[in-house]
Structure formats: C-alpha cells, structure tokens
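Asks: pasting the sequence and the predicted model now:
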Amino acid sequence: MDFVQYKCPCCGAALQFSPETQKLSCRSCGNHYDLETIQQYEREEQAEGEQDLTWEYRQGTEGAKKTEDGRYICPSCGAEIEADEQTVSTVCPYCDNVVVIGASAAGDLEPDVMIPFRVQGNQARQMLEKFCKGKHLLPKNFRDRSYLKNLKGCYVPYWLFDCKASADMSFHATRVRAWSDSDYDYVETSYYLVQRAGTMEFYHVPVDGSREMDDDTTESIEPFNYSDLTEFRPEYLAGYETDRYDVDAKTAEVRAKERLYNSAEQVLRSTVQGYQSVSVKRRHLASQRGQVQYALLPVWLFETVYRDKKYQFAINGQTGKMVGELPVDQGAFWKYLCGFTFLGTVLCSILGILLFGGVL
C-alpha cells in the first residue's frame, strides 16, 4: 500500500490522526479537521485551479470587396490606393476622400462597435505641449515643437469581453499575538484557511488587439466611458488612422482571463479582514454567457525613437487621460548634473570660507 500523507490546509504541516478526537490534527498550528473536510480539500487540490473561460463572438457586417487582382480602388475618383492587410481606413492621395477598406477585404469581420473621438487634435497637441513644457532634459527637437508632427489620432482595435462569472477562492491567513512575562517574550501565530465565493458580472473588459500598442500603455489610459459605444460607422474614421487587429480574439482571451481573475481576486480578497497576512491559495472562475465584441477605441498616439529605443505616449481620445514615457537627452542630463555639481562645490567653498576663513 502506498504511503499517504495529508497536509494541513492552513500551514502545510503534516497531519496526524488523533484517536482522542477522531480527527486529523496539526501539531504545528493546532487545528483539527474531520475526514470529510480533508477529503473535500484533497479533491479541490487535485482539480485544476483555473478553468478556461468560454466566449461567444458577435458577427460583424461585411465590408466592401477588393478587386480580383488584389488592388483597392477609391470609390470617389477610381484611383488605385496603396494599403496593406492591416489597413482599415486611409485617405486617397488624389481626391482626399476617406476610404474605408472593408473588413471582409482582409478576410476578417468589421468592428461591432466603436467610440468616436471626443478630444480634438488641437486639444491633444496642447496637452502634449503642456506636458513637455519645463522638461529641460528632453531632446532638442522637443523644445521647438517639431515633435508635435508625430502626434496622430488612431482608432486602436480592442476586444471587449463580457461575462457572468462564478468565483471560488481560498486564502492562507495568519493572526499573530505577542505577550511577555518576567522571563520570556512569547509570539503565537494562528493559521487559517479562508474561503470566499460569489457571482460577478463583467462588462466590456478591454484587451487591445494591436501588437504595436504596449499593453501597459493601453491599460493605463483606461477607463473608457462605454456609454458612448455606438455601432461601427465608416464616417467616424475620417481624418484618423485605423488598422485592423493583429492579435486575434483567441489570443486576447489569455489577457482577458488574467484581468478577470485579478478583478475577482481583488473583490474577494477585500472581504478577508482581521488578519496580519493573507495570501492566495487557490483560484477558480467559471464563466456563463461569455461574449466578445470587436471594437475601435480612440487614442491620440505619439511615438518616437531616440538612440534606438522606442518611446510611446498616449492620450485617451475620449477622456483625455495621458500616459507614457518621453526620451531624455543624455548630453543635457550630464550638462545639468555637472552644472549643479559645480554650483554646489562653489557654494560649499564660499560657505566654508565664511565660517572658517578666519580660524587658524
């Protein structure tokens, strides 16, 4: 017969059967468990902690077809237009007509929904200019406003995940009590296994569908106000760059799942109070009525490359929230550092002369 060892759900120490209590006892933390509780715990341990979430996808309407030879034709003037497989909208170089390349032309669906721009171009430029003002360590071209030409309005492809979920999680928790007498100091640590469960509804959990956009950037300019969601209309794309997604919905599910689990954990964790320490032991989330929509969301994007490093600065095109990183001119950095060092040395010398100059 194989040797079986049961571990304490609270502290992880080995359990022993107590003839006195007819239960499994932990000598480390002093907890006692009946056999049914331990068997249930073992079944949960053997089960997979995180289940896959399932989703249904909305079908978008078909867009315009491209020609048999694979070219795109401007519907206004008939000129040929250059566009790659990622392009959703572009401007005809001959008649300035905004041409929307139908999603079916690239073999994909059109967006289900979108949020039109609220922040205008001049407002975005003023916001970026104000952000750069007074930052003397920026490269030289940032001080003559030439950088503003790199600011562009883009509709970024997103996947929006909705679902009703059942969450079941367990946490390790401890309480510590300390006291002293005339001879010794005592510390008593009590271990607990805390379980929480509940149902939650998630609406429009966003995951950007562009590899070019950094996930940290897109998540930092959240939230969007989804009350402005409207059906996709090509007219809203006029004057803005738009690319189709290059991260498909199945791939985006990984990030959506992570965000859902983190949100559920945060909610349930907030109900575990009165302990000195709390850590997650097990997470379980099962979805119901999961749905996914393909959306275009507005972003003012500033990108530049400085010393072979790419910098990305983004403004939420609906709310105006800004986030990003701008380059630092290393020459200016060392110039200011040396200047402050020299100034500090001179001030210290003058102070030393004033304080100690007359003392032998």
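Replies: Ah, there it is. The structure presented is a predicted model; accordingly, all values stated were derived computationally and were not measured. Residues are numbered from 1 along each chain as shown.
Asks: just to be sure, R177 is in a strand?
Replies: Yes - assigned with DSSP: H, G, I helix; E, B strand; the rest coil, R177 falls within a strand.
Asks: would you confirm that it contacts Q276?
Replies: No - assessed by C-beta atoms under 8 Å, R177 is found out of contact with Q276, at 9.5 Å. Placement of C-beta: from N, CA and C, glycine included.
Asks: give me the beta-bridge partners of F171?
Replies: Listed by DSSP bridges, the beta-bridge partners for F171 are V194, V280.
Asks: so it makes contact with E265?
Replies: No - using C-beta under 8 Å, F171 is not in contact with E265; the gap is 9.3 Å.
Asks: joint contacts of the two?
Replies: V280 (C-beta atoms under 8 Å, 6 or more residues apart in numbering).
Asks: between those two, which one's more packed in?
Replies: Using other C-beta atoms under 10 Å as the criterion, F171 and E265 rank with F171 on top: 22 against 17.
Asks: now do the contacts for the more buried one.
Replies: 193-196, 269, 272, 278-281.
Asks: and the gap between M169 and Q195?
Replies: According to C-beta to C-beta, to the nearest Å, M169 stands 7 Å off from Q195.
Asks: of the two, who's got more company?
Replies: M169 (23 against 14).
Asks: tell me the SS of the more buried one?
Replies: Per three-state DSSP, M169 ends up strand.
Asks: what's across from V205 in the sheet?
Replies: On the basis of DSSP bridges, V205 is bridged to F161.
Asks: what's around it, how many residues?
Replies: The burial count for V205: 17, using other C-beta under 10 Å.
Asks: report pLDDT for Q195.
Replies: Note for Q195: predicted pLDDT of 92.
Asks: for V272, see how far away it is.
Replies: Distance of Q195 to V272, given as C-beta to C-beta: 10 Å.
Asks: ditto for P111
Replies: Separation of P111 from V272 (C-beta to C-beta) stands at 40 Å.
Asks: I'd say Q195 and H172 touch.
Replies: No - if you go by C-beta under 8 Å, Q195 and H172 don't touch, sitting 11.2 Å apart.
Asks: could you find the closest non-adjacent residue to Y192?
Replies: Nearest non-adjacent residue to Y192, counting by C-beta to C-beta, 6 or more residues apart in numbering: A173, 4.4 Å away.
Asks: what's the neighbour count on that neighbour?
Replies: A173 has 20 neighbours, counted by other C-beta under 10 Å.
Asks: residue contacts, it?
Replies: Counting by C-beta under 8 Å, 6+ apart, A173 touches 191-194, 272, 275, 277-279.
Asks: spell out, range by range, the helices that occur in the stretch 151-300 of the chain.
Replies: 215-220, 249-269 (DSSP state H, counting those that start in this stretch).
Asks: any weak-confidence spans in the stretch 101-250 of the chain?
Replies: Scanning the stretch 101-250 of the chain for pLDDT under 70 picks out 101-109, 134-147.
Asks: my guess is G320 is in a helix, correct?
Replies: No - looking at G320 with three-state DSSP, it is coil, so not inside a helix.
Asks: for it, give me its contacts.
Replies: 118-119, 123, 127.
Asks: out of those residues, which are buried?
Replies: The neighbour count (16 or more other C-beta atoms under 10 Å) marks 119, 127 as buried among those.
Asks: need the contacts of G320 in CSV (columns: secondary structure).
Replies: Shown next, in CSV, are the contacts of G320 (three-state DSSP):
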residue, secondary structure
R118, coil
V119, coil
Q123, helix
M127, helix
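Asks: against T218, how distant is W159?
Replies: Separation of W159 from T218 (C-beta to C-beta) stands at 11 Å.
Asks: looking only at neighbour counts, state which of these two leads.
Replies: Neighbour totals were compared for W159 and T218, and W159 leads with 25 against 22 (other C-beta under 10 Å).
Asks: out of the contacts of A173, which are buried?
Replies: 191-194, 272, 278.
Asks: and which of the residues you listed is nearest to H204?
Replies: H204 has its nearest neighbour among those in V272, at 27.7 Å by C-beta to C-beta.
Asks: correct me, but the closest one touches L193?
Replies: No - contact criterion C-beta under 8 Å: V272 and L193 do not qualify, at 11.0 Å.
Asks: count of neighbours near the closest residue to G121 other than its chain neighbours?
Replies: What sits nearest to G121 in space, not counting adjacent residues and going by C-beta to C-beta, 6+ apart, is G153, at 6.4 Å. Using other C-beta under 10 Å, G153 is surrounded by 19 other residues.
Asks: go on, the one 5 residues further on?
Replies: Other residues near Y158 number 28, with proximity taken as other C-beta under 10 Å.
Asks: do I have it right that it meets L296?
Replies: Yes - if you go by C-beta under 8 Å, Y158 and L296 touch, sitting 7.2 Å apart.
Asks: shaky segments in the stretch 251-360 of the chain?
Replies: Applying pLDDT under 70 to the stretch 251-360 of the chain flags residues 305-306, 327-360.
Asks: and the strands in it?
Replies: All strands of the stretch 251-360 of the chain, identified by DSSP state E, counting those that start in this stretch, fall at 277-306, 309-316, 322-324.
Asks: how about those strands in CSV, adding distance to D183?
Replies: Output for the strands of the stretch 251-360 of the chain, formatted as CSV (distance: least, C-beta to C-beta, whole Å):
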stretch, distance to D183
strand 277-306, 28
strand 309-316, 62
strand 322-324, 58
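Asks: E258: which of the ones you listed is closest?
Replies: Closest of those to E258 is strand 277-306, at 10.8 Å (criterion: C-beta to C-beta).
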